[in-house]
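Q: the following block contains a protein sequence and its predicted model.
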Amino acid sequence: MAPDHEKACIACRNAKALKAKKEDGNKAFREGNYKLAYELYTEARGIDHNNIKTNAKLYCNRGMVNSKLRKLDDAIEDCTNAVKLDDTYIKAYLRRAQCYMDTEQYEEAVRDYEKVYQTEKTKEHKQLLKNAQLELKKSKRKDYYKILGVDKNASEDEIKKAYRKRALMHHPDRHSGATAEVQKEEEKKFKEVGEAFTILSDPKKKTSL
């Protein structure tokens with residue numbers, strides 16, 4: 001409206017360029033061209049640092065691109081930058097929480113879902129929080145398959161074979177000449193191996209894992 005107002009003209013020009021670049025990035029994303037979308041969102045980020053809300057969306061959009069590319073740590077970083085710019089940005093918290101779930105960082109996921117649910121108490125958000133809390137609880141349990149070094153679909157014979165191998169590896173007699181600290185650690189592992197075999201060789205206990 002005021003062609004001679006230099007600051008207004010610059011702001012208007014930046015806003016138009018930012019909007020156009022963001023829309024180009026959205027188009028590339030919808031078409032599945034994630035590499036191009038990433039480049040366009042990154043370029044858009046450099047157009048107008050004063051446009052806080054739009055830059056937060058750009059970070060969040062780029063986070064989605066990174067999650068599609070399975071660059072989950074980068075996606076988390078982008079979403080973190082988004083909420084730094086706009087701490088009310090629900091979509092960014094949800095996106096980051098999903099990335100935390102995918103990388104088994106359940107405590108962080110619970111924290112983000114709690115933040116979301118406190119802001120928007122919907123059934124969907126409540127369920128997401130419950131799922132994250134359940135996974136966190138499960139993650140704190142001992143992973144008996146990992147202790148024996150077998151796959152979760154291992155057969156009875158494979159479990160027995162793995163038990164014998166690990167039990168022999170950590171048997172106290174094998175470490176009688178080691179330091180007291182090493183002996184204590186190996187004894188602990190030997191007991192865990194026995195516990196793991198007891199659980200995994202019992203069909204009822206195994207199904208409850």
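A: Yep, it's here. Residues are numbered from 1 along each chain as shown.
Q: residue 163 against residue 148, yeah?
A: Yes: distance between residue 163 and residue 148: 6.0 Å, which falls inside the contact criterion (C-beta atoms under 8 Å). Backbone N, C-alpha and C define where each C-beta goes, glycine included.
Q: who's more crowded, the two?
A: In this comparison of residue 163 against residue 148, neighbours counted by other C-beta atoms under 10 Å, the higher total goes to residue 148 at 24 against 21.
Q: which element is the spatially closest residue to the more buried one that is not a sequence neighbour on?
A: Nearest non-adjacent residue to residue 148, counting by C-beta to C-beta, 6 or more residues apart in numbering: residue 162, 4.3 Å away. Counting by DSSP states H and E, the element that carries residue 162 is helix 156-170.
Q: how about residues contacting that helix?
A: Applying C-beta atoms under 8 Å, 6 or more residues apart in numbering, the external contacts of helix 156-170 come out as 147-151, 154, 174, 186-187, 189-190, 193-194, 196-197, 200-201.
Q: tell me the buried residues in it?
A: 159, 162-163, 166-167, 170 (16 or more other C-beta atoms under 10 Å).
Q: any chance of these in JSON lines, with distance to residue 140 and pLDDT too?
A: Written out in JSON lines, the entries for the buried residues of helix 156-170 read as follows (distance: C-beta to C-beta, whole Å; pLDDT from 0 to 100):
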{"residue": "159", "distance to residue 140": "23", "pLDDT": "94"}
{"residue": "162", "distance to residue 140": "23", "pLDDT": "95"}
{"residue": "163", "distance to residue 140": "24", "pLDDT": "95"}
{"residue": "166", "distance to residue 140": "22", "pLDDT": "95"}
{"residue": "167", "distance to residue 140": "25", "pLDDT": "95"}
{"residue": "170", "distance to residue 140": "23", "pLDDT": "95"}
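Q: one step back: find residues that contact each of residue 163 and residue 148.
A: Residues touching both residue 163 and residue 148 (C-beta under 8 Å, 6+ apart): 193, 196-197.
Q: out of the residues you listed, name the ones that lie in helices.
A: Secondary structure assignment (DSSP state H) places 193, 196-197 from those within helices.
Q: mind putting those into JSON lines with distance to residue 121?
A: Shown next, in JSON lines, are those (distance: C-beta to C-beta, whole Å):
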{"residue": "193", "distance to residue 121": "46"}
{"residue": "196", "distance to residue 121": "41"}
{"residue": "197", "distance to residue 121": "45"}
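Q: pick out whichever of these sits closest to residue 126.
A: Distance to residue 126, by C-beta to C-beta, is smallest for residue 196 among these, at 34.9 Å.
Q: pretty sure the closest one sits against residue 150.
A: No: taking contacts as C-beta under 8 Å, residue 196 lies outside contact range of residue 150: 9.2 Å.
Q: more crowded one of those two?
A: When residue 196 and residue 150 are compared on other C-beta under 10 Å, the one with more neighbours turns out to be residue 196, at 24 against 19.
Q: same for the strand or helix carrying residue 205, what does it pack against?
A: Here residue 205, judged by DSSP H and E, is contained in helix 203-207. Here helix 203-207 is seen to pack against helix 180-200 when contacts are counted using 3 or more C-beta pairs under 8 Å, 6 or more residues apart in numbering; DSSP states H and E.
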